[in-house]
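A.B. asks: sequence and predicted structure below; questions after.
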Amino acid sequence: MTKKIVIVLSDLQGGGAEKVALNLYQGFMAFPDVECHIICLEPIIDYNLPDGIRLHMLNLPHRNMFTALFYKQWQARRIDNYIKEHIGNPDLVLSNLTSVDKLMKYSQLPVRHVIHNTTSIEYFLGKTPRQIARIRKKLERIYSRHPLICVSKGVMDDLKANFSIRQPVRYIYNPVDVEQVVSLSCDESEKEKIDALGDYIIHVGTFKEAKNHELLIKAYKISGVTEKLILLGRTSGGTYRKIQDLIKELGLQGKVICPGFKPNPYPYMKRAKLFVLSSIFEGFSCVLTEALALKVPVISTDCQSGPAEIIGDEYRHCLSPVNDVDALAANIRLALADPQRYTVPLRNEFRLETVAAQYVKLADHVNGEGCQ
C-alpha cells in the first residue's frame, strides 16, 4: 500500500528549510511505496526543481474583516481539505517554519512540526525578560497539538530546556544528498567566472544577523591570508548593505566578493580552499554537511546547535568560540596551512538515504493517528 507524505512550506525561496524539503522529496523517490507531495502557500521558487515534482501552489486568500477572528483555523481547514481532495489521506504531514506551523497547529491530519533552528536563540536574542515570557507562551501555544521533529539533538535539547512542550519531541538530522551534490559540483556553466576568482575561501548563507558575516569579514582581515573571500547569498536587505559598508571601511574591495544567490553553489564550493561558517546559531547547517560531502576543508564557530554534532569530537579543532574574531582568524590560517587536518569525513547518519528511511518509518508509525 502506498504511503503518502506531504511537506508543507510557505514557499521555495532560497533558504535552508526549503532545500531540505526538496532533498527529502528526492530521498522519498527511492522508496517505491512512498508518494511525496510538496505544498507551498505562496508562488515563490528560487531552486531548480526535479522533473515531474508533485508540487502544489495553494495561494490561500489573505485575512480580511470577515475571516480575521478564526483566520488560522479557516486556513488550516482549507489546507486539510485540499490535501484530502487532491492527494488523499496522508500518512504523514511535515509542517515547516513558524509561519506555517501557526496554521497547521489546527490541522486534523497527522502533522509533525519540523523545528529548523535553535528556538530560544532565534526568538529570545536581544529581547527583554517580559518580551521573552510573552514569546515563550505564544510558541508553546503553537506547539501544543502535534508532535515535533527537531533537525539536530542540540535543537531538541534547547527546546526541552527552554519551553514547556507536552507533545513528543524527537530529532532527525537534515539530509545531504551526496550523489546530487557531487554531480552538481561538476557543472561547468560558470567555470570562467570561478576560474577568474583565483584561490578563495567561501561562505554560503543568507545575509542575516544570525550568519554573522561581520565576524567573518573582520577575522578574514586579521588573518592576512592572500586568498579571496567569496560570500554567496542573496544580495539584498539591510544586513547586506551593512556588510558592503564594512567591506569598504576595511578596504577589502576586490578581496571580499559577493556574487549573489546561486541555485547551484556547489561548483563554487568544490573549488574553494576552505569553507567557513561564522554563525551565532544554527539549527543544523546543511551547507556544512554539503562541504563535507565535497571533501572541502571546513572551519566553523562552535555555535548552537549543529556544527559540533556534524564535526564530531575528533575534529573539534575545526571549531572556534562564537564571536571570537581572533580565534576564527587563527583557524583560517591554520586550515589553509594544513587542509588535510581540517577535512572532516561525512558520517552516514547525515546521508539522504539514512534520513529518508527514518521519515518513512515514522510515516508507518503515525499512520491513522490523525490529530494528536
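C.D. replies: Arrived safely.
A.B. asks: any idea which element residue 60 lies in?
C.D. replies: Assignment of secondary structure by DSSP states H and E places residue 60 within no helix or strand.
A.B. asks: over to it: give its phi and psi.
C.D. replies: phi -70, psi 150 (degrees, to the nearest 10).
A.B. asks: can you pull the contacts of it?
C.D. replies: Applying CB atoms under 8 Å, 6 or more residues apart in numbering to residue 60 gives the contacts 41, 75, 78, 79. The way it works is simple: take the backbone N, C-alpha and C, and place the C-beta from them, glycine included.
A.B. asks: what's the farthest-apart pair in those residues?
C.D. replies: Of all pairs drawn from the contacts of residue 60, the one with the longest distance (CB to CB) is 41 and 78, at 10.1 Å.
A.B. asks: higher neighbour count, the two?
C.D. replies: Using other CB atoms under 10 Å, the more surrounded residue of residue 41 and residue 78 is residue 41, with 19 against 14.
A.B. asks: before we move on, back to that, who touches both of residue 41 and residue 78?
C.D. replies: 58, 60.
A.B. asks: for the closest residue to residue 168 other than its chain neighbours, give me phi and psi.
C.D. replies: Among residues not flanking residue 168 along the chain, residue 147 sits closest, at 4.3 Å (CB to CB, 6 or more residues apart in numbering). When quoted as degrees, to the nearest 10, the phi and psi of residue 147 stand at phi -60, psi 160.
A.B. asks: how about residue 37?
C.D. replies: Torsion angles at residue 37 (phi, psi; degrees, to the nearest 10) stand at phi -130, psi 150.
A.B. asks: what is the burial count for it?
C.D. replies: Neighbours of residue 37 (other CB under 10 Å): 21.
A.B. asks: cool, and the one 3 residues further on?
C.D. replies: Residue 40: 22 surrounding residues under other CB under 10 Å.
A.B. asks: in this structure the residue nearest to residue 168 contacts residue 171, no?
C.D. replies: No - using CB atoms under 8 Å, residue 147 is not in contact with residue 171, being 11.9 Å away.
A.B. asks: identify the bridge partners of residue 253.
C.D. replies: residue 256 (DSSP bridges).
A.B. asks: look up how far residue 246 lies from it.
C.D. replies: 11 Å (CB to CB, to the nearest Å).
A.B. asks: follow-up on the earlier one: need the contacts of residue 60 in CSV (columns: secondary structure, distance to residue 296 and pLDDT).
C.D. replies: Shown next, in CSV, are those (DSSP: H, G, I helix; E, B strand; the rest coil; distance: CB to CB, whole Å; pLDDT from 0 to 100):
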residue, secondary structure, distance to residue 296, pLDDT
41, coil, 35, 94
75, helix, 42, 94
78, helix, 44, 94
79, helix, 40, 97
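A.B. asks: ok, so of those, who is nearest residue 209?
C.D. replies: For the contacts of residue 60, the nearest to residue 209 is residue 41 (25.4 Å; CB to CB).
A.B. asks: how close does that closest one get to residue 12?
C.D. replies: 11 Å.
A.B. asks: what's the burial count for the residue nearest to residue 168?
C.D. replies: Residue 147: 18 neighbours (other CB under 10 Å).
A.B. asks: what's near enough to touch it?
C.D. replies: With CB under 8 Å, 6+ apart, residue 147 has these contacts: 112, 113, 167, 168, 169, 170, 372.
A.B. asks: what about residue 312, neighbour count?
C.D. replies: 12.
A.B. asks: circling back: of the contacts of residue 147, which belong to strands?
C.D. replies: Residues of the contacts of residue 147 located in strands (DSSP state E): 112, 113, 169, 170.
A.B. asks: look up the closest residue to the last one, ignoring the ones flanking it.
C.D. replies: Going back to what we said before, that points to residue 170. residue 149 is the one closest to residue 170 (CB to CB, 6+ apart), at 6.0 Å.
A.B. asks: partners of the helix or strand that that neighbour is a member of in the sheet?
C.D. replies: Counting by DSSP H and E, the element that carries residue 149 is strand 148-150. Applying DSSP bridges to the sheet, strand 148-150 is found paired with strand 111-115 (parallel), strand 169-171 (parallel).
A.B. asks: not counting it itself, show me its contacts.
C.D. replies: So strand 148-150 is in contact with 94, 112-115, 156, 159, 165, 167-172, 283, 362, going by CB under 8 Å, 6+ apart.
A.B. asks: how about residue 273, what does it touch?
C.D. replies: Residue 273 sits in contact with 199, 200, 201, 227, 297, 336, 339, where contact means CB under 8 Å, 6+ apart.
A.B. asks: and the pLDDT at it?
C.D. replies: Looking at residue 273, its pLDDT reads 98.
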